[in-house]
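1. Quick one: sequence and predicted model below, then my questions.
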Amino acid sequence: MKGRILTEKLIVDFSAYLKSEEKSENTIEKYIRDVRAFAAYQNGAEVTKETVIAYKRNLLSLNYAVRSINSMLASINSLFSFLGWVDCRVKSIKLQRQIYCPEEKELTKAEYMRLVNTAKQKGNERLNLILQTICGTGIRVSELQYITVEAVKRGEAFVSLKGKTRTVFIVKELRQKLLRYAAEQRITSGYIFITRSGRPISRTNIWREMKSLCVQAGVNPQKVFPHNLRHLFARVFYGIEKDIAKLADILGHSSINTTRIYIISTGNEHRRRMEHMRLII
């Protein structure tokens, strides 16, 4: 146990290991952010099972969401496995499966359409099409880089992420919109959603531009972030197909349990279904 001090060198080594494991840039960034937060908490003290448990309690006292805490602990446990400090690993907090999501967090189809129309009214055609591309295909915002001129012409993009490759279909109407936009921007090949310098637009810029639509669109800013568009795609698809296994494949999920989180309904919808059962005489 002696000498287990979390140094910057160990964190850098862990980052290099994650890269060798072909983790995505976003995953690596998230793991390292979590590990550095734990290192700051340790402040040079020796790492023991007790100090990690104390850190978990500290996160709870700071009112972090349980899912967020478990995600942070997963990052730290991964570090400990890499370093061989397996006896320092801690258990995640048990969380009852959520049967419905708060209405204030769920983006509705009507709100999505208002965001798209507002982007168009503000003359931001790139954002308008980014919203429609994510929501119309179910891709992650980090996967926009695979929406190229070549992919749009084929009608399908081959997405490689997290060690997996899947095919994402691009429907005819979206293809037409994207090819028209590319022609107007004189983009003949490669990425469609780019900055003035020709680099793929970052998720930070997309998030910022989406937030700028909220007031004019009349949508709660808490609902407006790229991943909620992916959730909306999942709910609409499942409402039509009722095939969670197929949806998991489309979204690129390894586990159906992850997909279940995407399709939970709001509390109001859950309440309406219970009332529709008419079991109270």
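-> Thanks, I have it.

2. List the buried residues in stretch 192-205.
-> Within stretch 192-205, the residues that qualify as buried are 192-193, 200-201, 203, counting by 16 or more other C-beta atoms under 10 Å. (Each C-beta comes from the backbone N, C-alpha and C, glycine too.)

3. These in helices, which ones?
-> residue 203 (DSSP state H).

4. Now for the buried residues of stretch 192-205: which two are most distant?
-> Pairwise distances across the buried residues of stretch 192-205 (C-beta to C-beta) peak at 15.8 Å, for the pair 192 and 203.

5. related to what we said a few turns ago, return the closest of the buried residues of stretch 192-205 with respect to residue 17.
-> residue 203 (24.1 Å).

6. How about the contacts made by the residue nearest to the closest one when sequence neighbours are not counted?
-> Nearest residue to residue 203 in three dimensions, chain neighbours excluded: residue 141, at 4.8 Å (C-beta to C-beta, 6 or more residues apart in numbering). Counting by C-beta atoms under 8 Å, 6 or more residues apart in numbering, residue 141 makes contact with 134, 203, 206, 226-227.

7. So residue 141 versus residue 131, what's the distance?
-> 11 Å (C-beta to C-beta, to the nearest Å).

8. do residue 225 as well
-> 12 Å.

9. what do you get for residue 173?
-> 14 Å.

10. before we move on, what about residue 120?
-> For residue 120 relative to residue 131 (C-beta to C-beta), the value is 10 Å.

11. Who has more neighbours out of those two?
-> residue 131 (24 against 14; other C-beta atoms under 10 Å).

12. so how far is residue 239 from the more buried one?
-> Distance of residue 131 to residue 239, computed by C-beta to C-beta: 20 Å.

13. about what we covered before: can you add secondary structure, distance to residue 35 and pLDDT and give the contacts of residue 141 back as CSV?
-> Putting these into CSV (DSSP: H, G, I helix; E, B strand; the rest coil; distance: C-beta to C-beta, whole Å; pLDDT from 0 to 100) gives the following:
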residue, secondary structure, distance to residue 35, pLDDT
134, helix, 29, 97
203, helix, 21, 90
206, helix, 26, 96
226, helix, 25, 94
227, helix, 23, 92
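
14. Of those - the most surrounded one?
-> Most surrounded of the contacts of residue 141: other C-beta under 10 Å gives residue 134, at 23 neighbours.

15. Now the residue lying closest to that one once chain neighbours are set aside: which helix or strand?
-> Take residue 134 and drop its neighbours on the chain: the residue closest to it by C-beta to C-beta, 6+ apart is residue 229, 4.3 Å away. Element membership of residue 229, judged by DSSP states H and E, is helix 226-241.

16. which of the residues in the next helix or strand after that helix are buried?
-> Sequence order places helix 244-251 as the next helix or strand after helix 226-241, per DSSP H and E. By neighbour count on 16+ other C-beta under 10 Å, the buried set for helix 244-251 is 244, 247-248, 250-251.

17. between the residues you listed, which is closest to residue 89?
-> Closest to residue 89, out of all of the buried residues of helix 244-251 and judged by C-beta to C-beta, is residue 248, at 28.0 Å.

18. Now the nearest residue to that closest one once chain neighbours are set aside: phi and psi?
-> Nearest non-adjacent residue to residue 248, counting by C-beta to C-beta, 6+ apart: residue 259, 4.3 Å away. For residue 259, the backbone dihedrals (degrees, to the nearest 10) come out as phi -60, psi -40.

19. All set now, cheers.
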